[in-house]
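Peer 1: predicted model and sequence below, questions to follow.
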Protein chains: 2
Amino acid sequence: MEPRRTVFFVSDRTGITLEALGKTLLTQFPGVDFHKRTLPFVDTEEKARAALTEINDSARTEPQRPIVLSTLINAQLRAIVTSADALCLDLFEGFLGRLQTELHMLPSYELGLSHGMGSQIVYEARMTALSYTLAHDDGMTTSNYTEADLILVGVSRSGKTPTCLYLAMQYGVRAANYPLTPDDFASTALPKLLAPFRNKLFGLTITPERLAAIRNERKPGSRYASMDTCREEIHAAERLLRHEGIPLLDTTAMSVEEIAITILHQTGLHQTSLAARLHG
Amino acid sequence: MEPRRTVFFVSDRTGITLEALGKTLLTQFPGVDFHKRTLPFVDTEEKARAALTEINDSARTEPQRPIVLSTLINAQLRAIVTSADALCLDLFEGFLGRLQTELHMLPSYELGLSHGMGSQIVYEARMTALSYTLAHDDGMTTSNYTEADLILVGVSRSGKTPTCLYLAMQYGVRAANYPLTPDDFASTALPKLLAPFRNKLFGLTITPERLAAIRNERKPGSRYASMDTCREEIHAAERLLRHEGIPLLDTTAMSVEEIAITILHQTGLHQTSLAARLHG
């Protein structure tokens, strides 16, 4: 029988980062049946005590003591939570001390500094980029490509839209996308609309098998989803983009996050986009 | 003069989580001028050695040694990178050992287990939810609310669209949204389209000042963006939602992430949505 363990993620903010890191740690122990529970916004003594009670309740009723992963900046709240009858690992505890020694400086212990004024500008850049991206999805509006930071090109369903949305929302990249359709393959040159923006183009491609599977989800049994159509469109799109020297990424086995980060680094946008600059 | 420090984020995956956690740590030292550099996908010995060279180059040319924050599962790659002439903090190193002791089990040391088959299902749930959300943005299609996990309601520009996209992309929540317009305020009852889905509704609100600022960005000087219009619409929307017992969240000072996590926890969707269940 798999051993069962309750794991608490306790954060003074949303807990999003903590969950992501914690899950990576826990997947290293695939033999354990982890029951995860996230306690976000633990930013007062009252909430810290409520978290403590919940963890200790679990310790009493479960056969094995729980595991607590936390990111709590405030040392007092951290002391309350980590007094629980559990294996308590705070991801900040050790690192803040070592940074303090290295930098000869006390931490500010201020919560949510990353949501201060500097980051308000970043935040608004992200929201503006998201509006731009929504308005320029799927070649809907092409008049405004001069404002784009990036234009993703590729056949329908090659992953352009989710990638654009992710880049806009997380990094403030004004990412437009243009679907290559059979009309565009009549010529060996770039579509007229795209030609002036060659340096903003980035191509996404995918295997015909994966594309056919995705398109069949959407329009089962259609000509659009057939292996022949998928193979032809991908072949033509890849030939066109290679011929024009546009960077091309095979997204078949990649998540949106992996595609986005690869594009950011390959294009240099991780250093030049507004949000990246302001973040940095 | 502010001391300057170069910080490297070295990850065997995208580095997204590491950057987020690292930046929270660094904001605790606002007096330092940190120069950040992310090295993602460091998953081979060759890439680890290239990272090492880059870090050591920086150590030679900068007045102070760099800081390296890493998340490297593979102990051999970690040893290469952390041999750099820098303050090296690996976020996995200590925790893996302590979990191993607690669980009486060796870590698998397999990279990217979180992208295995279980997570392929989660991934597709996220992409399906994103398609659903895009198709049901801004009340565009209302015929399909039976499939929604959540329907956000609120006046135009109260934060519905970014929140829906975030919930769909990150958590696989099929989140639709319906903008409340003056037409809806003629009656004191819920709009007919929404009434059957009362238990899926969640209201977003915002202060008139903030709403007017956001709307003025979009349509400067318009009646739509005026303080009077904003005040009236918000007042009517809040009255309607309160009267109908719909939960209501003031998003004025919140980021999309904070809004999303609050909704997930308040509605219980963090435990019942497909992606959450499969993640868990």
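Peer 2: Good, I have the coordinates.

Peer 1: stretch A:36-55 close to chain B?
Peer 2: Yes - using CB under 8 Å from any CB of the partner chain, stretch A:36-55 reaches chain B at A:36, A:38, A:40-41. The way it works is simple: take the backbone N, C-alpha and C, and place the C-beta from them, glycine included.

Peer 1: for stretch A:230-243, output the C-alpha coordinates as PDB.
Peer 2: C-alpha atoms of stretch A:230-243 as PDB (Å, rounded to 0.1, in the frame of the first residue of the first chain):
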ATOM      1  CA  CYS A 230      -2.400  18.600 -42.000                       C
ATOM      2  CA  ARG A 231       0.600  17.100 -43.700                       C
ATOM      3  CA  GLU A 232       0.300  19.400 -46.700                       C
ATOM      4  CA  GLU A 233      -0.300  22.600 -44.700                       C
ATOM      5  CA  ILE A 234       2.600  21.900 -42.300                       C
ATOM      6  CA  HIS A 235       4.900  21.100 -45.200                       C
ATOM      7  CA  ALA A 236       4.000  24.300 -47.100                       C
ATOM      8  CA  ALA A 237       4.200  26.400 -43.900                       C
ATOM      9  CA  GLU A 238       7.600  25.100 -42.900                       C
ATOM     10  CA  ARG A 239       9.000  25.500 -46.400                       C
ATOM     11  CA  LEU A 240       7.700  29.100 -46.600                       C
ATOM     12  CA  LEU A 241       9.100  30.100 -43.200                       C
ATOM     13  CA  ARG A 242      12.500  28.300 -43.700                       C
ATOM     14  CA  HIS A 243      12.800  29.900 -47.100                       C
END
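
Peer 1: if I look at A:Y132, how far off is A:T163?
Peer 2: Distance, A:Y132 to A:T163, using CB to CB, to the nearest Å: 15 Å.

Peer 1: er, A:A84 actually
Peer 2: In terms of CB to CB, A:A84 sits 41 Å off from A:T163.

Peer 1: now do the end-to-end distance for stretch A:23-43.
Peer 2: Stretch A:23-43 has an end-to-end distance of 22 Å (criterion: CA to CA, to the nearest Å).

Peer 1: ok, now stretch A:215-235?
Peer 2: 17 Å.

Peer 1: mind listing what's buried along it?
Peer 2: The neighbour-count check on stretch A:215-235 (16 or more other CB atoms under 10 Å in any protein chain shown) flags A:215-216, A:225, A:229-230, A:233-234 as buried.

Peer 1: contacts for it?
Peer 2: When contacts are defined by CB atoms under 8 Å, 6 or more residues apart in numbering or on different chains, stretch A:215-235 is touched by residues A:155-157, A:180, A:182, A:185, A:205-209, A:211-212, B:128.

Peer 1: need the buried ones from those selected in PyMOL.
Peer 2: Buried residues within these, by 16+ other CB under 10 Å, are selected in PyMOL with:
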select buried, (chain A and resi 155+156+157+180+185+205+206+208+211+212) or (chain B and resi 128)
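
Peer 1: would you map the helices across chain A?
Peer 2: Taking DSSP state H as the criterion, chain A carries its helices at A:16-26, A:45-61, A:75-81, A:93-103, A:117-135, A:160-171, A:208-218, A:227-243, A:256-267, A:269-272, A:274-279.

Peer 1: tell me what angle the fifth one forms with helix B:117-135.
Peer 2: Here helix A:117-135 runs at an angle of 70 degrees relative to helix B:117-135 (axes from the mean of the first three to the mean of the last three CA atoms, to 10 degrees).

Peer 1: elements contacting helix A:117-135?
Peer 2: For helix A:117-135, the contact count by 3 or more CB pairs under 8 Å, 6 or more residues apart in numbering or on different chains; DSSP states H and E identifies helix A:160-171, strand A:175-180, helix A:274-279, helix B:160-171 as packing neighbours.

Peer 1: quick one on the thing from earlier: return the most buried member of the helices of chain A.
Peer 2: Stretch with highest mean neighbour count among those: helix A:160-171 (a mean of 26; mean count of other CB atoms under 10 Å in any protein chain shown).

Peer 1: touching chain B at all, that one?
Peer 2: Yes - with CB under 8 Å from any CB as the criterion, chain B is reached by helix A:160-171 at A:161-162, A:165-166, A:169-170.

Peer 1: report the spatially nearest residue to A:H270, omitting neighbours in sequence.
Peer 2: Nearest-residue entry for A:H270: A:L264, 3.9 Å, with adjacent residues in sequence omitted and distances by CB to CB, 6 or more residues apart in numbering or on different chains.

Peer 1: what do you get for A:A236?
Peer 2: With CB to CB, 6+ apart as the criterion, A:A236 has its nearest non-adjacent residue at 4.0 Å, and that residue is A:F185.

Peer 1: next, the contact list for that neighbour, please.
Peer 2: A:233, A:236-237, A:240.

Peer 1: just send those back as CSV, with distance to B:A175 and pLDDT too.
Peer 2: Listed next are the contacts of A:F185 as CSV, based on distance: CB to CB, whole Å; pLDDT from 0 to 100:
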residue, distance to B:A175, pLDDT
A:E233, 31, 96
A:A236, 36, 96
A:A237, 32, 96
A:L240, 36, 95
